[in-house]
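# Based on what follows, work out the 3D shape:
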Amino acid sequence: MITIAVDCMGGDHGPQVTLPACRQFLDTHTDARLILVGLADALGGFSHPRAQIVVASEVVTMEDPLEVALRRKKDSSMRVAIQQVKDDKAQAAVSAGNTAALMAISRYILKTIDGIERPAIAGQIPNATGGATTVLDLGANVDCTAEHLLQFAVMGSALVSVLNSKESPSVGLLNIGEEIIKGNEVIKRAGELLRSAAKAGDLNFFGNVEGNDIFKGSVDLVVCDGFVGNVALKTSEGLATMFGSFLKAEFSRSIFTKLAAIAAYSVLNAFKSRFDHRRYNGAALLGLRGLVFKSHGSADMMGFGYALNRAYDSARNNLIDRVKARIAHAAPLLAATDVAQ
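Below you'll find the model as predicted:
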């Protein structure tokens, strides 16, 4: 049995989205159990033979300062859900709550894997191949050293190997050009480290990639700092929203435009479905001694269900052990970079 702890109170919609998604997940995953964490009144009506209710007395809101979430609300649904992973009662935790709070609480309770200085957020962005490009960091670390980017690449490779069933996924370093002489000093140094890691057999390093390569699907994994990664993520979400608005607008215009839109509907709808961000919801907090997944705060039932699926797949395929193994293999290079600093 794969057991996942769910913060049912997090996100914009809370139990009205998380509970239906959990029920659907349990109905389609007969080898899974869920630990549902939340306020007693909110969860009292839920019942399933493979679900356990754990009551928490507090909720971390989207507006809560980090200190309040971490220091004062010690019985929040978010914290209690993560504690289930710490206590080995669950193999993963999922929350749609405050991202900064989730990262801080997860790091405080679970700690980081040996050899990792900073956890990173890794998510998937739809690309033109019909799949998705995994990108990290998506916002946890605004300022990164070259050594951090190397660690992200090693961890991200383990994640992609689980999600895409690729033992040696290709890794690209996000830059302003493909040439190795381009970029600031951090990026140039990161490129050197990633090439060294490739020579040592720790990574399948493709080289520098540009922003459009994320959407082209040129590589399986793109590594960048959290500032750039978050901008790329929000841009892709904005494009998907714009396309949806375009479809609605075309159907509301003249009869000729409507006829053209109807004729192309199946193609346009397939395109929209391919770039539906709900299908790629569920970002992994990599580098921790336990699995934690962040769902988009505005996710609907379908989107939250995909976050649960991602946590389930990662637990079933022993993602933590794979990350540890790759970090151990890259330990000599990581140690050398620490000495160089």
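# contacts, neighbours, all on C-alpha from now
Fine.
# And the helices in the stretch 101-250 of the chain, which stretches?
146-163, 185-199, 211-216, 226-251 (DSSP state H, counting those that start in this stretch).
# Could you work out which of those helices reaches nearest to residue 317?
Nearest of the helices of the stretch 101-250 of the chain to residue 317, taken as C-alpha to C-alpha: helix 146-163 at 6.4 Å.
# Flag every buried residue along that closest one.
146-162 (16 or more other C-alpha atoms under 10 Å).
# circling back to that earlier point, out of the helices of the stretch 101-250 of the chain, nearest to residue 286?
Once the helices of the stretch 101-250 of the chain are compared by C-alpha to C-alpha, helix 146-163 is nearest, at 6.6 Å.
# Show me how far that closest one is from its chain's centre.
Centroid separation for helix 146-163 versus its chain: 13 Å, with C-alpha atoms, centre = their mean, to the nearest Å.
# as a whole number, average confidence for it?
What helix 146-163 shows for mean pLDDT is 93.
# For the strand or helix carrying residue 313, buried residues please.
Take DSSP states H and E as the rule and residue 313 turns out to sit in helix 301-316. If you call a residue buried by 16+ other C-alpha under 10 Å, then helix 301-316 has these buried ones: 301-312, 314-315.
# So which residues make contact with the next helix or strand after it?
Once the chain leaves helix 301-316, the next helix or strand it forms, by DSSP H and E, is helix 319-329. Residues outside helix 319-329 that contact it (C-alpha atoms under 8 Å, 6 or more residues apart in numbering): 113, 115, 151, 154-155, 158-159, 162, 202, 287, 289-291.
# Ok, stretch 38-46 next?
For stretch 38-46, the external contacting residues (C-alpha under 8 Å, 6+ apart) are 7-9, 15, 19, 36, 53-59, 76-77.
# Name only those of these that count as buried.
7-9, 15, 19, 36, 53-56, 58-59, 76-77.
# now residue 122, which residues is it bridged with?
Listed by DSSP bridges, the beta-bridge partners for residue 122 are residue 136, residue 284.
# from what I can see it touches residue 138, true?
Yes - using C-alpha atoms under 8 Å, residue 122 makes contact with residue 138 at a distance of 6.2 Å.
# These two - which one has more neighbours?
residue 122 (29 against 26; other C-alpha atoms under 10 Å).
# can you tell me which residues contact that one?
Taking C-alpha under 8 Å, 6+ apart as the test, what residue 122 contacts is 134, 135, 136, 137, 138, 156, 283, 284, 285, 286.
# Closest one to residue 71 out of these, please.
Nearest member of these to residue 71, counting by C-alpha to C-alpha, is residue 285, at 20.5 Å.
# count of neighbours near that closest one?
Neighbours around residue 285, by other C-alpha under 10 Å: 24.
# Now do the contacts for it.
103, 119, 120, 121, 122, 291, 292, 293, 294.
# still on that earlier bit, what's next to the helix holding residue 313, contact-wise?
2, 4, 17-18, 20-22, 24-25, 32, 91-94, 159, 162-163, 277-283, 291-296.
# Give me the subset of the residues you listed lying in strands.
2, 4, 32, 92, 93, 94, 283, 291, 292, 293, 294 (DSSP state E).
# Look up the residues forming beta bridges with the last one.
Beta-bridge pairing of residue 294 under DSSP bridges involves residue 95, residue 283.
# Check whether it really touches residue 282, as I assumed.
Yes - taking contacts as C-alpha under 8 Å, residue 294 lies within contact range of residue 282: 5.3 Å.
# How much space separates the nearest residue to residue 117 once chain neighbours are set aside from residue 140?
Once flanking residues are discounted, residue 117 sits nearest to residue 148: 7.3 Å by C-alpha to C-alpha, 6 or more residues apart in numbering. Distance, residue 148 to residue 140, by C-alpha to C-alpha, to the nearest Å: 12 Å.
# ok, now residue 201?
28 Å.
# re the thing from before, and which of the ones in strands among the contacts of helix 301-316 is nearest residue 180?
residue 283 (29.5 Å).
# Dump the contacts of residue 285 into CSV; add distance to residue 182 and pLDDT as well.
Listed next are those as CSV, based on distance: C-alpha to C-alpha, whole Å; pLDDT from 0 to 100:
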residue, distance to residue 182, pLDDT
103, 32, 95
119, 27, 93
120, 24, 95
121, 26, 95
122, 25, 96
291, 36, 97
292, 35, 98
293, 34, 97
294, 33, 96
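# out of these, which is most surrounded?
residue 292 (31 neighbours).
# quick one: it and residue 82 touch, right?
Yes - between residue 292 and residue 82 there is a contact at 7.5 Å, judged by C-alpha under 8 Å.
# what's the overlap in contacts for those two?
92, 93, 106.
# And for the first one, the neighbour number?
As a burial measure, the neighbour count of residue 92 was computed by other C-alpha under 10 Å and equals 26.
# what sits against it?
So residue 92 contacts 3, 4, 5, 82, 85, 290, 291, 292, 293, 311, 312, 315 (C-alpha under 8 Å, 6+ apart).
# rewinding a little: kindly indicate which of the shared contacts of residue 292 and residue 82 lies nearest residue 194.
residue 106 (27.8 Å).
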